[in-house]
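Novice: 3D model of this:
(one chain, ligands or ions: 1)
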Amino acid sequence: MKHAVTYELLKTDQRTKARRGRVTTPHGTIETPVFMPVGTAATVKAMRPEQVKEMGAEIILSNTYHLYLRPGHDIVKAAGGLHKFMNWDKAILTDSGGFQVFSLGALRKITEEGVEFRSHIDGSKHMLSPEKSMEIQNALGSDIMMAFDECAPYPADRNYVKNSLERTTRWLKRCKEYHQNMENQSLFGIMQGGMYKDLRYESAMQIVDLDLPGYAIGGLSVGEPKELMLDVLDDCVDHLPAEKARYLMGVGSPDYLFEGVERGVDMFDCVLPTRIARHGMAMTSYGRVNIKNAKYERDFEPLDPECDCYTCKNYSKAYLRHLYKCDEMLSAMLLSNHNLHFLVKMMGNIRTAIEEERFLEYKNEFYAKYGRF
Ligand SMILES: Nc1nc(=O)c2cc3nc(NCCN4CCCCC4)[nH]c3cc2[nH]1
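Specialist: Numbers count the residues shown, from 1 in each chain. All right, here's what the predicted structure looks like:
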């Protein structure tokens, strides 16, 4: 059966596991490695879709949990689907709701059936299951639908993680069973297994058999130490098929992106660039800039001398500091635009570096300039 979404491996770095590829979807192709801007409630916060497209983003992420609760997937469906509703005509990946229930909703109960929770918006009682998550994502019409899984907390004991990953595998089979609309939407499986390398292997073996077009590494970036995360990641990427897309969920600061690419990851997403923007923080070639800092009061230079984004071409740090101090909406708009542009451009530079066999040199050059993460 032909998948709606396919991955093509174009080149693997000779010295690391970094790889250059391409994901093809019904809403266009995506050059990888790729960072996906997050548009949780059907908007990349403080950004117009044209700006997100203009910076070169080819795919964004949205969330089943949020859109189910508000406005409701029936309304998005009636609008013609999420692409039409939010005026975004490139690719969309939707997360399945599992992680968001744990991180946002007031979790009530996990059973074989699914997850009972109370809405973080109005406290109303709800149930998400593999079938319900697929129904919602089919209604949203996203190109890539994530399987309904349980992201085990960190730390979690081995027995809990083992039982949880086995239930996640059973849930994945139910997702695949229920999934309609195969010709327009593809399902990605999600590997779990906590920080236990042997359980990660077990999870991978169980999900790879289902021959899906892409697989995510879940259960990471959940508060574990960086070196532990990278050690587990390094090990578990190898258990995923080389000819399928590999997506590391919830990762998105520059250092984690470089380290993830180096270990063979193709796709990333994180709220970080837009979230820290709303708190006056910018990512620049020379490290993070906290625009609130008094030292920028009379600094009439742009945020990043090496950045060609709209914000850096037209505004100074002094002005951006002023906007933030006045709590002006334009502050979040300009800093979000810059941070997203910075990461999307950085991934473009990474892709070129892989093509030219100089990924490690580019990484070291970037780290030397960026300084402390
Ligand atoms: N379906 C699903 N399964 C996961 O295991 C998962 C694991 C994840 N881990 C993260 N980490 C996000 C960390 N993020 C960093 C910046 C501030 C907000 C939290 N997001 C995730 C999303 C996930 N989605």
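Novice: Can you get me a residue count around Asp234?
Specialist: 16 (other CB atoms under 10 Å). Just so you know, the C-beta spots here come from the backbone N, C-alpha and C atoms, and that holds for glycine as well.
Novice: so it touches Arg263, yeah?
Specialist: Yes - at 5.0 Å, Asp234 counts as touching Arg263 under the criterion of CB atoms under 8 Å.
Novice: what ranges of the stretch 1-150 of the chain fall below the confidence cut-off?
Specialist: Filtered on pLDDT under 70, the stretch 1-150 of the chain yields no residues whatsoever.
Novice: What values do phi and psi take at Asn290?
Specialist: Here is the backbone geometry of Asn290 (degrees, to the nearest 10): phi -100, psi 100.
Novice: count of residues packed around it?
Specialist: 14.
Novice: And for Arg167?
Specialist: For Arg167, using other CB under 10 Å, the count is 16.
Novice: quick one: the strands in the stretch 151-300 of the chain?
Specialist: Under the criterion DSSP state E, counting those that start in this stretch, strands of the stretch 151-300 of the chain are mapped to 186-191, 214-217, 245-248, 267-270, 281-284, 287-290.
Novice: Reformat those strands as CSV; add mean pLDDT and distance to the ligand.
Specialist: Output for the strands of the stretch 151-300 of the chain, formatted as CSV (pLDDT from 0 to 100; distance: least, CB to the nearest ligand atom, whole Å):
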stretch, mean pLDDT, distance to the ligand
strand 186-191, 98, 5
strand 214-217, 98, 7
strand 245-248, 98, 9
strand 267-270, 98, 5
strand 281-284, 98, 12
strand 287-290, 98, 14
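Novice: List the contacts of the residue of the stretch 1-150 of the chain at minimum distance from the ligand.
Specialist: For the stretch 1-150 of the chain and the ligand, the shortest gap (CB to the nearest ligand atom) falls at Phe99, measuring 3.4 Å. Applying CB atoms under 8 Å, 6 or more residues apart in numbering, we find Phe99 in contact with Asp149, Cys151, Gly218, Met249, Gly250.
Novice: Domain boundaries for this structure, per the record?
Specialist: With domains defined by the TED database, the chain comprises 6-269, 271-372.
Novice: For Glu259, which non-adjacent residue is spatially closest?
Specialist: Leu230 (5.5 Å; CB to CB, 6 or more residues apart in numbering).
Novice: Cys312 now?
Specialist: Pro302 (4.1 Å).
Novice: One more: Met329?
Specialist: Per CB to CB, 6+ apart, closest to Met329 is Ala46, 7.6 Å.
Novice: where does this structure come near the ligand, residue by residue?
Specialist: 95-96, 98-99, 146, 149, 151, 190, 218-219, 221-222, 249-250, 270-272 (CB under 6 Å from any ligand atom).
Novice: Surely Gly28 and Lys53 touch.
Specialist: No - applying CB under 8 Å, one finds Gly28 not in contact with Lys53, separated by 10.4 Å.
Novice: Find residues that contact each of these two.
Specialist: What both Gly28 and Lys53 touch, as defined by CB under 8 Å, 6+ apart, is the set Lys90.
Novice: what's the spacing between Met249 and Ala79?
Specialist: Separation of Met249 from Ala79 (CB to CB, to the nearest Å): 27 Å.
Novice: Could you do Glu355 as well?
Specialist: 40 Å.
Novice: Over to Val271?
Specialist: 24 Å.
Novice: What sits closest to the residue lying farthest from the centre of the chain if chain neighbours are left out?
Specialist: The C-alpha centroid of the chain is most remote from Arg298, which lies 36.3 Å away (CA atoms, centre = their mean). With sequence-adjacent residues excluded and distances taken as CB to CB, 6+ apart, Arg298 is closest to Ala318, at 5.9 Å.
Novice: That neighbour contacts Pro302, correct?
Specialist: No - taking contacts as CB under 8 Å, Ala318 lies outside contact range of Pro302: 10.5 Å.
Novice: For those two, indicate the residue with more neighbours.
Specialist: Pro302 (21 against 15).
Novice: Can you give me the end-to-end span of stretch 263-271?
Specialist: Using CA to CA, to the nearest Å, the end-to-end distance of stretch 263-271 comes to 22 Å.
Novice: Which residues are in contact with the closest residue to His338 other than its chain neighbours?
Specialist: Closest residue to His338 in three dimensions, ignoring its sequence neighbours and counting by CB to CB, 6+ apart: Thr311, at 4.2 Å. Residues in contact with Thr311 (CB under 8 Å, 6+ apart) are Pro302, Leu303, Leu320, Leu334, Leu335, Asn337, His338, His341.
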